[in-house]
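1. this is a predicted model, with the sequence first.
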Amino acid sequence: MAGFDKVVSSYEAAMEGLKDGDTIIAGGFGLCGIPEGLISEIKRKQTKNLTVVSNNCGVDDFGLGVLLHDKQIKKIIASYVGENALFEKQLLDGEIDVVLTPQGTLAEKMRAGGAGIPAFYTATGYGTPVAEGKEVKEFDGRPYILEESITGEFAIVKAWKADRYGNLVFRHTAMNFNPMAATAGKITVAEVEEIVEPGELEPSQIHTPGIYVNRVIKGDFEKRIERVTTRD
Amino acid sequence: MAGFDKVVSSYEAAMEGLKDGDTIIAGGFGLCGIPEGLISEIKRKQTKNLTVVSNNCGVDDFGLGVLLHDKQIKKIIASYVGENALFEKQLLDGEIDVVLTPQGTLAEKMRAGGAGIPAFYTATGYGTPVAEGKEVKEFDGRPYILEESITGEFAIVKAWKADRYGNLVFRHTAMNFNPMAATAGKITVAEVEEIVEPGELEPSQIHTPGIYVNRVIKGDFEKRIERVTTRD
Amino acid sequence: MALSREQVAMRVAQELQDGYYVNLGIGIPTLVANYVPDGIEVMLQSENGLLGMGAYPTKDQVDADMINAGKETVTAATGAAIFNSADSFAMIRGGHVDLTVLGAFEVDQNGNIASWMIPKKLIKGMGGAMDLVAGAKNIIVTMTHASKHGDSKLLESCTLPLTGVNCVKKIVTDLAVLEVKDGAFHLIERAPGVSVDEIISKTAGKLLVEGDVPEMVF
Amino acid sequence: MALSREQVAMRVAQELQDGYYVNLGIGIPTLVANYVPDGIEVMLQSENGLLGMGAYPTKDQVDADMINAGKETVTAATGAAIFNSADSFAMIRGGHVDLTVLGAFEVDQNGNIASWMIPKKLIKGMGGAMDLVAGAKNIIVTMTHASKHGDSKLLESCTLPLTGVNCVKKIVTDLAVLEVKDGAFHLIERAPGVSVDEIISKTAGKLLVEGDVPEMVF
């Protein structure tokens, strides 16, 4: 089924069409489950004025943090950016815009973006700085705030396995934001550890159906760990 | 882990606490993936004045349809009730209330109910009878209607496998509304084909985490098919 | 001569493009799957939670847990994915399905569609139709051009309760192919042997006919 | 004497009930897992998408794809489930987690909590804290009763940007256990050897002390 074969063979092809000013929705939590090669390609392309939507912004020299060195990011929508000194500096210097968003609200905004739901009510953030300027409405006597969905020109995600049709399976907690991000991109690119033939993935155990995925590329991953904690 | 063993051994125990006037959220699509034994138990108990939230209302003598014979259902929230003559009669006679709800809106209402989202906007139903009395708001120039979430005193679902902790896996398209229904009940009861020990289900391939499930019972299923269609 | 149901389905199938994800409604739309043109592959979405609907099962393959949105037993095609109904309608509502084909009682010149309810006569419910018309990127309606009594189904304004507003882009009837835009029906093709005059006489809404209207080619 | 971090964790652990689903924040809350009382089993939720967090891995078990919300390598306990972050916060926001334990900079007598931001000093982000305090059935805050400079962290009204409003029900500090209700802190227990007077002097918000206040028992 040629029309459904999503596999591309170069990172150039994987990120083709990304342009200055685009919004990129990125999967990953910390350095776990991030599309390492796609991020490198964005750095190589030197695309500028990007809006990045991601739970975190990597660390100084790995993950989305590498896009800070050449000031490729204009704005970031994230829940936690505390692991990144360069980020903090650019923020304090006013070189980067940051919209801090509660983690669950961020996940739901991506899901809503992919699901055609332009906005939803949540109690999260009511009465806090997050609620500023947002509509408040009571349901059953409790106040909630209206949060709008997020979509982007591109979504970049990291999966464990993909088949050629773009069906994705994630491994362990490297799933995190990836399935929602995958639904919210106009063009969704998946960098994966292994590409299999259609039919090899059990249909009811696919995490992301191929309809959401436009391009699949096989990557090599360093999989850096932020905090190695062990027991004896 | 005694505190997490959700398995009960009788249908009486499975539906204990259900009372007149309760709202029941039921999984299933048509006759596919329905908790047959739990429905029979509700019939046996003769609980009355029920509000039932389910995509369909079974057929005359199977599925939720059996609750119509003794007029146990006061109100049903469903998307399609066309397979059920008795239902149509009670509706025309004014003996039952029906709130017809678009299928995707119904699924999302259940999900929202379980997810602490009291309401969301959708374009579905705008400009139709479904929109009557509902708030309208424009996003990006398109009008959407506000739909509120649904929860109930009980949720009844049918799964393929459960472990003792209530983790559920569904089989093929018998998944349908079951995962959302499972999140929306104050007490969620799962009737399953097979009970396995914790650890036997692959963690990242569990469809419904046990946190949503209060009781698990092993059932015997007739699995009636509405429309057997075959090729040579 | 008016098209048969199969011919309507054949004509709709010409609208398919390689790589399309398509949701086919019950009735004539279901038949479209039988006429996918050579060299084109589409993947069928069934809104109960299946992407990649396959053929009907053989007798031995029948499985009560494997049905489509019409509650018929089906199989999963190679490379299919199965998911819950919230995820299925997220896919539909979010505009990820390329094309929806569905039947209707009435369509009007503003692209409004009525397909789910006839007051006091038919109260089966809308199922997924309202989500499909609100969410799909592109919608084709198939229906007979007029009722058995000769009443046009292409109206200035729908008389029955609506399924969706401003959403129908194209209509394939037993007599014609029409586009809906700018508040009018535009006649694009006519069924072989059917005259423009007949189509005009059976279209109650505003109908624009420009130049020679070609016959459908099968 | 003021409790150690471990003792605070031990006291919090006494609040656990058999069958509880619990989310533990970073810092002292994480230590609570080490002191689950005998005969009680809890299941730990980690908001990145894990229900049933197990022990830290052995060196050989370390897996970059298996981390907790603190970005530490962990294992999955027997019977764990792993899911995406939207599903994880659906679980949290929907009130399915029985208890959340988290740290704070300040709590006030109306149950408001400030835990994520110190203007011009600390702008790391709120992570999942706002969702957790808005969604959990029950919330226990652990913190030192006063800052290093002696300033009370139990206030009439929080001075820092809030994480959530009217949500904290119980506080375990190095000096005391307090309930928050009806616009006041209620002193329930005191750390062994700590006087009620000391607690009064270090509590800036409205504090109610009724009868003899028992010492914590470990």
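-> Nice, thanks for sending it over. Residues are numbered from 1 along each chain as shown, chains lettered A, B, ... in the order given.
2. D:Pro192 versus A:Arg111, what's the distance?
-> 48 Å (CB to CB, to the nearest Å). (C-beta placed from N, C-alpha, C; glycine too.)
3. compare neighbour counts for these two and give me the winner.
-> A count of neighbours by other CB atoms under 10 Å in any protein chain shown puts A:Arg111 above the other of A:Arg111 and D:Pro192, at 31 against 12.
4. report pLDDT for the more buried one.
-> At A:Arg111, the model reports a pLDDT of 98.
5. that one should be in a helix, yeah?
-> Yes - counting by DSSP: H, G, I helix; E, B strand; the rest coil, A:Arg111 is part of a helix.
6. OK, contacts around it?
-> Residues in contact with A:Arg111 (CB atoms under 8 Å, 6 or more residues apart in numbering or on different chains) are A:117, A:180, A:183-184, C:90, D:86.
7. do that again at 6 Å, thanks
-> A:Arg111 makes contact with A:180, D:86, according to CB atoms under 6 Å, 6 or more residues apart in numbering or on different chains.
8. next: C:Gly52.
-> C:43, C:76-77, C:79-80 are the contacts of C:Gly52 under CB under 6 Å, 6+ apart.
9. SS state for the nearest residue to A:Pro209 once chain neighbours are set aside?
-> Excluding the flanking residues, the one nearest A:Pro209 by CB to CB, 6 or more residues apart in numbering or on different chains is C:Ala81, at 3.8 Å. C:Ala81 falls in the strand class when you classify it by three-state DSSP.
10. where does C:Ala81 sit relative to D:Asn84, distance-wise?
-> Separation of C:Ala81 from D:Asn84 (CB to CB): 15 Å.
11. quick one: which of these two has more around it?
-> Between C:Ala81 and D:Asn84, counted using other CB under 10 Å, C:Ala81 has the larger neighbour count: 30 against 27.
12. so the more buried one is in contact with A:Pro203, correct?
-> Yes - assessed by CB atoms under 6 Å, C:Ala81 is found in contact with A:Pro203 at 5.4 Å.
13. just the pLDDT at C:Glu106, thanks.
-> C:Glu106 is assigned a pLDDT of 97 by the prediction.
14. do A:Met1 as well
-> With respect to pLDDT, A:Met1 has a value of 53.
15. near chain B, which residues of chain C show up?
-> C:48-50, C:55-57, C:59, C:62, C:64-67, C:71-73, C:82, C:84-86, C:89, C:93, C:124-128, C:130-131, C:134, C:161-162, C:165 (CB under 6 Å from any CB of the partner chain).
16. who touches the worst-scoring helix or strand of chain A on mean pLDDT?
-> Across the helices and strands of chain A, mean confidence by mean pLDDT, DSSP states H and E is lowest for helix A:85-92: a mean of 83. Taking contacts as CB under 6 Å, 6+ apart, the residues outside helix A:85-92 that touch it are A:57, A:60, A:68, A:81, A:96, A:98.
17. hey, where'd the helices end up in chain A?
-> Per DSSP state H, chain A carries helices over the ranges A:11-14, A:36-45, A:85-92, A:103-115, A:178-184.
18. between the longest one and helix B:103-115, how many degrees?
-> Same thing as helix A:103-115. Per axes from the mean of the first three to the mean of the last three CA atoms, to 10 degrees, the angle that helix A:103-115 makes with helix B:103-115 is 170 degrees.
19. which stretches in chain A count as strands?
-> Using DSSP state E, the strands of chain A run over A:23-26, A:50-53, A:73-78, A:97-100, A:119-122, A:136-139, A:142-148, A:152-163, A:168-169, A:185-196, A:215-218.
20. just chain C next, same as before
-> With DSSP E applied, chain C shows strands at C:20-24, C:42-46, C:50-53, C:76-82, C:99-103, C:106-108, C:113-114, C:139-143, C:154-155, C:170-173, C:176-181, C:184-190, C:207-208, listed in chain order.
21. related to what we said a few turns ago, list the beta-bridge partners for the residue nearest to A:Pro209.
-> Note on C:Ala81: beta-bridge partners by DSSP bridges are C:Leu51.
22. check contacts around it.
-> Residues in contact with C:Ala81 (CB under 6 Å, 6+ apart) are A:167, A:203, A:206, A:209, C:51.
23. quick one: it from A:Gln205, how far?
-> Relative to A:Gln205, and taking CB to CB, C:Ala81 is found at 9 Å.
24. against which helices or strands is the helix or strand bottoming out on mean pLDDT in chain C packed?
-> Least confident helix or strand of chain C, by mean pLDDT, DSSP H and E, is helix C:28-31 with a mean of 94. Under the contact criterion of 3 or more CB pairs under 6 Å, 6 or more residues apart in numbering or on different chains; DSSP states H and E, helix C:28-31 touches helix C:5-13.
25. swap in 7 Å and give it another go.
-> The contact analysis (3 or more CB pairs under 7 Å, 6 or more residues apart in numbering or on different chains; DSSP states H and E) places helix C:28-31 against helix C:5-13, strand C:99-103.
26. which outside residues touch it?
-> C:5-6, C:8-9, C:24, C:70, C:101-103, C:142 (CB atoms under 7 Å, 6 or more residues apart in numbering or on different chains).
27. what do you get if the cut-off is 8 Å, keeping everything else the same?
-> Counting by CB under 8 Å, 6+ apart, C:5-6, C:8-9, C:12, C:24, C:70, C:101-103, C:142-143 sit against helix C:28-31.
28. much appreciated, bye for now.
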